[in-house]
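Novice: curious how this folds, go ahead:
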Amino acid sequence: MAVIDATNLLLMLRPGTPVPVGPDGIRIDRPKERIEFLISKMDREKTKIIIPTPALSEALVRAGPAASLQIIEKLQKYSVFRIEPFDTRAAIEVAAMTRKALDSGKKRGDSTATWAKVKYDRQIVAIARVCGVSTIYSDDDDIATLAKGAKINTIKLRDLPLPPEKLQIEMFSPNGGPVETKEEA
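Specialist: Numbers count the residues shown, from 1 in each chain. Okay, the predicted model is just below:
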């Protein structure tokens, strides 16, 4: 199982979502294709993608009521996705994370984010932890820091592979099948 964060979810579902930049300051190329390739791979492998409800709410904030409903309906059509609530187990996990940070003398831990964001990010990581996920797909450095403390791997958008070119050509052919190349003709 893996967790996908709000940014990656929005890049997949909503055109016009701002694309994260790489370490060189250049926007990541073809983000939607990277995410769709990841999702199709995980679907083939029967790996669930957890969407924590705090991340889902982040994705829905600016969508508006009609678009929010469309996003939820789209997610529910795919068996690869599982929306997970912030429940009692996750609350206990957040309490433990916060207690540990307070005991170290820094309630935000190693984060430089606002206290409100830290609390939100802890909820996302806590849900990931209680669901037993091994990876969080996120470009949020604060999520990555919290995930590291919870022994969960974080993969950034720039590190996701692009689909093989042959598959891309087939996806965009008029009939959905393979496109003849000059060598085949």
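Novice: shaky segments in the protein?
Specialist: Within the chain, the segments meeting pLDDT under 70 span 166-185.
Novice: which stretches in it count as strands?
Specialist: 2-4, 49-52, 81-84, 135-137, 153-155 (DSSP state E).
Novice: including distance to Leu11 and mean neighbour count, could those go into CSV?
Specialist: For every residue, glycine as well, the C-beta is placed using N, CA and C. Below are the strands of the chain laid out as CSV (distance: least, CB to CB, whole Å; neighbours: other CB atoms under 10 Å):
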stretch, distance to Leu11, mean neighbour count
strand 2-4, 10, 24
strand 49-52, 14, 23
strand 81-84, 15, 16
strand 135-137, 10, 23
strand 153-155, 14, 17
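Novice: and those strands: which comes nearest Gly25?
Specialist: If you check each of those against Gly25 by CB to CB, strand 153-155 wins as the nearest, at 20.2 Å.
Novice: can you list contacts of the closest one?
Specialist: Here strand 153-155 makes contact (CB atoms under 8 Å, 6 or more residues apart in numbering) with Ser134, Thr135, Ile136, Tyr137, Ser138, Ile143, Ala144, Ala147, Lys148.
Novice: hmm, try it at 6 Å
Specialist: With contacts defined as CB atoms under 6 Å, 6 or more residues apart in numbering, strand 153-155 is touched by Thr135, Ile136, Tyr137, Ser138, Ala144, Ala147.
Novice: and which of those residues is nearest to Ile49?
Specialist: Comparing those against Ile49 with CB to CB places Tyr137 closest, at 8.3 Å.
Novice: which residues does the closest one contact?
Specialist: The contact partners of Tyr137, taken as CB under 6 Å, 6+ apart, are Ile4, Asn8, Ile155.
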